[in-house]
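Peer 1: Whatever this is, show me its structure:
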Amino acid sequence: MKALVTGGGGFLGGVIVRMLRERGDEVRSFSRAAYPALSALGVEQALGDLADRDAVIAAAHGCDTVFHVAAKAGIWGDYRDFHQANVLGTAHILDACRINGIGRLVYTSSPSVVFDGSDVEGGDESIPYPASYEAHYPATKALAEQMVLAADSPGLATIALRPHLIWGPGDNHLVPRIVAKGRAGRLRRIGSHPNLVDTVYVDNAARAHLQAADCLAPGSPVAGRAYFISNGQPLPLWEMVNRILAAADIPPVTRSISPGLAYTAGCICEGVWGLLHLGSEPPMTRFVAHELATAHWFDISAARRDLGYQPEVTIDEGLQRLREWLTTVKP
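Peer 2: Numbers count the residues shown, from 1 in each chain. Just a heads-up that it's a prediction; the model follows:
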C-alpha cells in the first residue's frame, strides 16, 4: 500500500501512520506543518491546507489509498471554518481520489453525526441522521460523511468509520480538556443518572482504519457503508471521567448540577458568546449539556463481523498507558 494520511501528524493520524509503517507500507502525510517524528518514521510529508484543492490533489498523486483523518473538531466556532475544513476539504479529497485514480478512501467520521440529544443505547448503523444539529462539528461531519458514502463507485471504494471518544497517550483534545478542568475544579456531574458511554483507545481506533482499508475494494460488502468503532466496554460517563482524572492524580468529580440547569446555561452562554462575538469557547453549550447527560454507546458487531475488528487494548490497560504518559508530559 502507498497511503496518503491527512492529519498524519495529529493524534489518531499519527498512530495510523505508525501502524502503516510498522507493517511496511509507504506513507505520505498531508498537514499544515511538518513533524520531525514523521520524518523519523520515514514518512514523506506534503504541506498544505485542505481548503487548497490543488495542494490536496498534488499530495495524493501516486497513492492507491487515502485515510482522510484531518478535520476541524470542537464545540464552538464559526460555521464557515468548520465547513471549509470538514466539507470543502472532503470534497477536495474526493476530487483528488478521482483525478489520481485512487481506488480506496477510508474516512474518519464521528458518532455525533447521528446524535439528536437523546439517549442512544446499543444503537447500530441503522440510526438515521437527525433533522438538525446543536453544533457545527457534527453538522459538517455529517455532510462530509454523506458525500463520502455517496461517492462509492466502481472506480472508488469508500468507507466511513465512526470512532467514539478517542483517548490515550498523545491525546491533544479529550484528555487535556478533562485534566485541565479537573485541576481547576470546573467539572460538574450533570444529573444523577448513570448514563453509559463507550469510548475507544487510540490504538484500537487506528487498527480499525487499517482493517477497513484491507477489506475495502470496489463492490466489496463494506464499500459505501459506515461503521461504529469503540472499545465495546460502555461505562457510566462519570466513572470514565474519574478514571482519567485518577490517571493524572486528580480527585474525582463529586459536585453536580441538574440537566435542565446545564442546558439553560448552555443556551445563555451561546447567546452571549454569539452576541458579543467572543473568540473563546463558552463554558457550556446545548450540545455539551446533552452529551454529558445522556447515554451514548453503540453496537459494534457490524465492525467485528465485516472488518474483523477486535479491540486489543482494554480500558484498564489503556488507562495504565495513559498514566505513564501523563507522568511524563503533565498536560
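Peer 1: show me where the protein has helices.
Peer 2: 11-22, 36-40, 53-60, 79-82, 89-100, 136-150, 174-183, 202-215, 237-247, 259-276, 286-293, 301-307, 315-329 (DSSP state H).
Peer 1: As a markdown table, these with distance to Val5 and mean pLDDT would be great.
Peer 2: Every residue, glycine included, has its C-beta placed from N, CA and C. Converted to a markdown table, the helices of the chain look like this (distance: least, C-beta to C-beta, whole Å; pLDDT from 0 to 100):
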| stretch | distance to Val5 | mean pLDDT |
| --- | --- | --- |
| helix 11-22 | 5 | 98 |
| helix 36-40 | 9 | 95 |
| helix 53-60 | 10 | 98 |
| helix 79-82 | 21 | 94 |
| helix 89-100 | 11 | 98 |
| helix 136-150 | 16 | 97 |
| helix 174-183 | 20 | 92 |
| helix 202-215 | 9 | 98 |
| helix 237-247 | 27 | 95 |
| helix 259-276 | 34 | 86 |
| helix 286-293 | 28 | 84 |
| helix 301-307 | 18 | 98 |
| helix 315-329 | 22 | 95 |
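Peer 1: which stretch among those comes nearest Pro163?
Peer 2: Between Pro163 and the helices of the chain, the shortest gap by C-beta to C-beta is with helix 202-215, which sits at 4.1 Å.
Peer 1: Can you list the helices and strands that the closest one packs against?
Peer 2: helix 11-22, strand 65-68, strand 104-108, strand 157-163, strand 166-167, strand 225-229, helix 301-307 (3 or more C-beta pairs under 8 Å, 6 or more residues apart in numbering; DSSP states H and E).
Peer 1: CA atoms of it as PDB?
Peer 2: Below are the C-alpha coordinates for helix 202-215, written out as PDB (Å, rounded to 0.1, in the frame of the first residue of the first chain):
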ATOM      1  CA  VAL A 202      -6.500   5.300  20.100                       C
ATOM      2  CA  ASP A 203      -4.600   2.200  19.000                       C
ATOM      3  CA  ASN A 204      -7.800   0.300  18.600                       C
ATOM      4  CA  ALA A 205      -9.300   3.100  16.500                       C
ATOM      5  CA  ALA A 206      -6.200   3.200  14.300                       C
ATOM      6  CA  ARG A 207      -6.100  -0.500  13.800                       C
ATOM      7  CA  ALA A 208      -9.800  -0.400  12.700                       C
ATOM      8  CA  HIS A 209      -8.700   2.000   9.900                       C
ATOM      9  CA  LEU A 210      -6.100  -0.400   8.600                       C
ATOM     10  CA  GLN A 211      -8.600  -3.300   8.800                       C
ATOM     11  CA  ALA A 212     -11.100  -1.200   6.900                       C
ATOM     12  CA  ALA A 213      -8.600  -0.400   4.100                       C
ATOM     13  CA  ASP A 214      -7.600  -4.100   3.800                       C
ATOM     14  CA  CYS A 215     -11.300  -5.100   3.400                       C
END
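Peer 1: List the contacts of that helix.
Peer 2: For helix 202-215, contacts defined as C-beta atoms under 8 Å, 6 or more residues apart in numbering pick out 1, 3, 11-12, 15-16, 18-20, 23, 65, 67, 69, 104, 106, 108, 159, 161, 163, 166-171, 222, 227, 229, 231, 303, 306-309, 311-313, 318.
Peer 1: same thing with stretch 320-327?
Peer 2: Residues contacting stretch 320-327 (C-beta under 8 Å, 6+ apart): Trp167, Gly168, Pro169, Gly170, Val175, Val179, Ile244, Ala247, Ala248, Val313.
Peer 1: Widest-spaced pair of these?
Peer 2: Maximum distance among the contacts of stretch 320-327 (C-beta to C-beta): 20.1 Å, for Val179 and Val313.
Peer 1: wait, isn't Ser256 in contact with Arg188?
Peer 2: Yes: taking C-beta atoms under 8 Å as the definition, Ser256 is a contact partner of Arg188 at 5.8 Å.
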